[in-house]
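Enquirer: Need coordinates for the below:
(chains A and B)
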There are 2 protein chains.
Amino acid sequence: MIRIALDLMGGDKAPEEIKAGAFMYAQFLEKSKIDNVKIYVVGLPEHVREFDSHPLKQYFETVSTKDFLPMDIKPTEALRRKESSMYVCCQMLKEKQVDAVVSAGNTGALLACATLVVGRIKGIERPALAVPVPSLKGFTVLIDAGANAEIRPEWLVQFAEMGIEYAKLLGVPDPKVGLLNVGTEENKGTEREKQAYIMLKERYGTKFHGNVEGSDINLGTVDVVVTDGFSGNIAMKTMEGVAKLISTIIKQEVKKSFDGILGALFFARTLKKLKKKLDPRSYGGTFFLGVDGLVVKAHGNSDRVAIKNALEVARRGVENQLVEKLKKRLGREGNN
Amino acid sequence: MIRIALDLMGGDKAPEEIKAGAFMYAQFLEKSKIDNVKIYVVGLPEHVREFDSHPLKQYFETVSTKDFLPMDIKPTEALRRKESSMYVCCQMLKEKQVDAVVSAGNTGALLACATLVVGRIKGIERPALAVPVPSLKGFTVLIDAGANAEIRPEWLVQFAEMGIEYAKLLGVPDPKVGLLNVGTEENKGTEREKQAYIMLKERYGTKFHGNVEGSDINLGTVDVVVTDGFSGNIAMKTMEGVAKLISTIIKQEVKKSFDGILGALFFARTLKKLKKKLDPRSYGGTFFLGVDGLVVKAHGNSDRVAIKNALEVARRGVENQLVEKLKKRLGREGNN
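Expert: Have a look, this model is predicted:
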């Protein structure tokens, strides 16, 4: 049985959209005839109650908590509120009562709970968010996509290591890695990038492609783009904004002209595919790599579709033994 | 007469594409019957020579230099090479022999020459690149789009000030400003953003919209997005990459299906408009705001079209008295 704890109380649209996402996922499991999954819904009693009487209740276990974390919580405070739904989820993962955690709550708080309650893989100082973003070559793993706003150069080397192993797990035989920077020349960027450049070159030799620019992420110049969580978050969210701008312009142009309307009719299928490929909701959730357990961060703004997808991301991560394989490949059994 | 100095030797594709861009711009001036512009082409003798025998030579003056700066030059070294084409351009601006400078050379070097040869507007510690990027509301001024990789929080307030005045010059009556961050909550980001948030709030009150995210740039949530040059560059270049990815996906899908081909035929006009709106070459060049003279930075990767557009950006900047107005509006006549 694959057991996934879902934090009902985390996210801008919690708990209603989180609950709706859980129900949607149960329908998906039913339809797909997947019968080895159990969702542990964790939240305030009045919210978990609904699951006991749901027609698909066989897919759920309910866990009542007394507390939950607001979206603007500070990480240090999150660690003190041990009865919150997020903390309880991580505690359950630590104690192996579940195999994975999904939360759309505050990123910093989830990072803190994942790091300090669940624990880290040996040798990894900071877990990072790894996101496979669409590229001309298929996808590029962006790491860190938003977990650590302030970092040290040596962490970038650890991110590279995790990103490379993650890309291998996703099917890239010999991943190339690049450092996100403001130019391709060696002396670009802040002191942090200059130091990381030297360390990455020393560690990876020719596998290290050198500095890459923002445009290289979606062009797929390398398989893994390594960056701090601040820049990674800016890049990820900028992609979202551009995609929305483009789809809006297309719609507006279509409305303006008869040609456009005709074109759009014929073109509808292409646009639909495009939208699906770029829709951040279709990623659903991203892994905190480096945690000694499977923690999936769903977008803070997640709606029911995103939550459903995040639960599926978690299920596949457990099924594919992501954490175990990562530990093995990093050559570091056991935890800190 | 509007006099623009063009650095023939700066840019990945220099000098050939820069020269071609200059010729293209002369054709544009001829066609548009604009007869009050003179381009001072600055570079090695063997490259400026061609301009003396060009059919449109009346649009050019030639300035021979002995040296030029390679693209990987360090800013400090750029300041020592006083006979380089870039340095000479800035020197000519300082001495009012020209009204504007256009260069596609190394950003850091151009920033150094602009700041220390041309000089700064009083009260501005660091000039910044300001780019009006397309948004759902028309455009958003992104400042700093890549001049200063390492910054201090108080500079972000100065960037805001320049960005607001620039947006006013571009026709926004009462610009709202936001701070680029990894979340909208007040306590997000690094120490730098936390401090800048407080300063911006103190300085602008309700005109300060608070933190904005990467997606807000193209959505047009605010009129001016303030950020450090590292994040600004990542955001700008990420936009480029996403736009290329999307146009490639559309083309691929179109090839795949007959529906797509038909759709594309009808849809061609819409796609052309979209491409033009998002093509980085159509911006051409961006202003270093805060310099006490008009300095236009063209993309390092500029081809002839980009250079032609950058020259036009410079011409309009001079015609609209951008620097003079900015100085007046900032209430700071004179320079440092």
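Enquirer: Could you use CA atoms for every contact and neighbour count after this?
Expert: Fine.
Enquirer: Show me the longest helix that occurs in chain A.
Expert: Counting by DSSP state H, the longest helix found in chain A is helix A:229-256.
Enquirer: Taking helix B:229-256 as reference, get the angle to it.
Expert: 40 degrees (axes from the mean of the first three to the mean of the last three CA atoms, to 10 degrees).
Enquirer: Would you mark the buried spots in helix A:229-256?
Expert: Residues of helix A:229-256 classed as buried: A:229-246, A:249-250, A:253-254 (neighbour count, 16 or more other CA atoms under 10 Å in any protein chain shown).
Enquirer: Next, the contact list for A:Arg304, please.
Expert: By CA atoms under 8 Å, 6 or more residues apart in numbering or on different chains, the contact set of A:Arg304 is A:17-22, A:24.
Enquirer: Near A:Gly123, how many other residues are there?
Expert: 13 (other CA atoms under 10 Å in any protein chain shown).
Enquirer: wait, A:Val157
Expert: 21.
Enquirer: Need phi/psi at A:Val88.
Expert: phi -60, psi -40 (degrees, to the nearest 10).
Enquirer: For it, list the residues it contacts.
Expert: A:Val88 neighbours (CA under 8 Å, 6+ apart): A:42, A:65, A:82.
Enquirer: Read off the pLDDT value for the first one.
Expert: In other words, A:Val42. We have a pLDDT of 98 for A:Val42.
Enquirer: Ok, the second one next?
Expert: Per-residue confidence for A:Thr65 comes out at a pLDDT of 98.
Enquirer: Kindly report the same for the last one.
Expert: The model reports A:Lys82 with a pLDDT of 97.
Enquirer: Contact partners for A:Val157?
Expert: A:196, A:199-200.
Enquirer: ok, so of the residues you listed, who is nearest chain B?
Expert: A:Ala196 (15.4 Å; CA to the nearest CA).
Enquirer: so what's that closest one closest to, chain neighbours aside?
Expert: What sits nearest to A:Ala196 in space, not counting adjacent residues and going by CA to CA, 6 or more residues apart in numbering or on different chains, is A:Pro153, at 4.9 Å.
Enquirer: on that earlier part again, also within reach of chain B: list those from the contacts of A:Val88.
Expert: Filtering those for proximity to chain B (criterion: CA under 8 Å from any CA of the partner chain) leaves nothing.
Enquirer: most surrounded residue in those?
Expert: Counting by other CA under 10 Å, top hit in these: A:Val42 with 25 neighbours.
Enquirer: hang on, that one packs against A:Asp7?
Expert: Yes - at 5.2 Å, A:Val42 counts as touching A:Asp7 under the criterion of CA atoms under 8 Å.
Enquirer: Spit out the residues that contact these two alike.
Expert: A:85, A:89.
Enquirer: Check the model's average confidence along stretch A:240-253 for me.
Expert: Stretch A:240-253 comes out at a mean pLDDT of 82.
Enquirer: is A:Val224 in a bridge, and if so with what?
Expert: A:Val141, A:Val177 (DSSP bridges).
Enquirer: Read off the pLDDT value for it.
Expert: 98.
Enquirer: My guess is it contacts A:Ile143. True?
Expert: Yes - contact status for A:Val224 versus A:Ile143: in contact at 7.4 Å, counting by CA under 8 Å.
Enquirer: And chain A, what are its domain boundaries?
Expert: A:1-124+A:290-336, A:128-282 (automatic domain parsing).
Enquirer: for these, which one sits closest to B:Glu186?
Expert: domain A:1-124+A:290-336 (8.3 Å; CA to CA).
Enquirer: Next SSE downstream of the helix-or-strand element of chain A with minimal mean pLDDT?
Expert: One helix or strand of chain A scores below all others by mean pLDDT, DSSP states H and E: helix A:280-283, with a mean of 60. Going down the chain from helix A:280-283, the next helix or strand is strand A:285-289, by DSSP states H and E.
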